[in-house]
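Trainee: Please work out how this folds:
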Amino acid sequence: MSIEYLNEALKIQGLTPTKKLILVLLSNYADEKGTCYPSYKHIANIIGLKTTKTIQKAIKEFEQLGLLRVEHRILENGSYTSNKYHLTLGRVLEEPTTLKDTTLGSSATYNTKDNTKTNNIDDNDICKFNEFWTLYPRKINKFQAKKCFFKLNSKDYEKVIYACKVFLQEQLNTEEKFIPHASTWLNQKRYEDYIDKKIKNKTLNNLAG
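Mentor: As a prediction, this is how the structure comes out:
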């Protein structure tokens, strides 16, 4: 058990009680590197759920929110065993939303600030997101990525798109599974690591500006 990761999990806000319990449970099993590999069934049994469906959904959301990374493990005979989870709780999104938990029957609620921003989206915002999405090297969960993109200040769109081009340039030889989801990249402001770098790829350089 890692006290550090357990403490980080307890600080996470915006999750439903069931999801918070799942995250705390994973943190309780994590070693000093933040890794653990309890099965869906094992987690469900401890929490008292009859099926693993809620566990699978919660872990998928955790991955999208940047709370953990999932490593799929395969045995020598080719069959799958339990996933290995790499917790990244020290780099969580700043304003997590409360998402729907079907087990508890709760309705989805979102931060009022986010709702206001979303209602003010115009054609230019959509065009900028489409430009970003076309460039981003891993296209998974466009809906979540779009929601995260529209949280940005519109004045920052150009620099985020430029940073995305630099990021794409550096990921050309990287396996897709090792590239973070766009929502994670945006929420954790990873684009700030690329804003001051130059685009060396000629094709991308022609797109810049």
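Trainee: Which is the succeeding secondary structure element to the worst-scoring helix or strand of the chain on mean pLDDT?
Mentor: When the helices and strands of the chain are scored by mean pLDDT, DSSP states H and E, helix 112-119 comes last with a mean of 44. Next in sequence after helix 112-119, counting helices and strands by DSSP states H and E, comes helix 123-135.
Trainee: elements contacting that following helix?
Mentor: Under the contact criterion of 3 or more Cβ pairs under 8 Å, 6 or more residues apart in numbering; DSSP states H and E, the helices and strands touching helix 123-135 comprise helix 142-149, helix 157-170. C-betas here are computed from N, CA, C, even on glycine.
Trainee: gap between E8 and L87?
Mentor: Distance, E8 to L87, by Cβ to Cβ, to the nearest Å: 8 Å.
Trainee: neighbour-wise, which of these two wins?
Mentor: Applying other Cβ atoms under 10 Å to E8 and L87 shows that L87 carries more neighbours, namely 25 against 21.
Trainee: And the more buried one, how far from F132?
Mentor: 27 Å.
Trainee: same thing with R190?
Mentor: 13 Å.
Trainee: the more surrounded of the two?
Mentor: Legend: neighbour count by other Cβ under 10 Å for R190 and F132, higher for F132 (22 against 15).
Trainee: Wait, the more buried one touches Y162, no?
Mentor: No. Using Cβ atoms under 8 Å, F132 is not in contact with Y162; the gap is 10.3 Å.
Trainee: So which residue is smack in the middle of the chain?
Mentor: For the chain, the residue lying nearest the average C-alpha position, counting by Cα atoms, centre = their mean, turns out to be Q64 (2.7 Å).
Trainee: Now do the residue in the chain sticking out farthest from the centre, the pLDDT please.
Mentor: The centre of the chain is farthest from one residue, N77, which by Cα atoms, centre = their mean lies 31.2 Å away. Note for N77: predicted pLDDT of 79.
Trainee: ok, now F178?
Mentor: 90.
Trainee: what residue ranges in the protein score low on pLDDT?
Mentor: For the chain, the stretches with pLDDT under 70 are 1-2, 90-120, 201-209.
Trainee: That one: helices as residue ranges?
Mentor: 3-11, 17-29, 40-47, 53-64, 112-119, 123-135, 142-149, 157-170, 182-187, 202-207 (DSSP state H).
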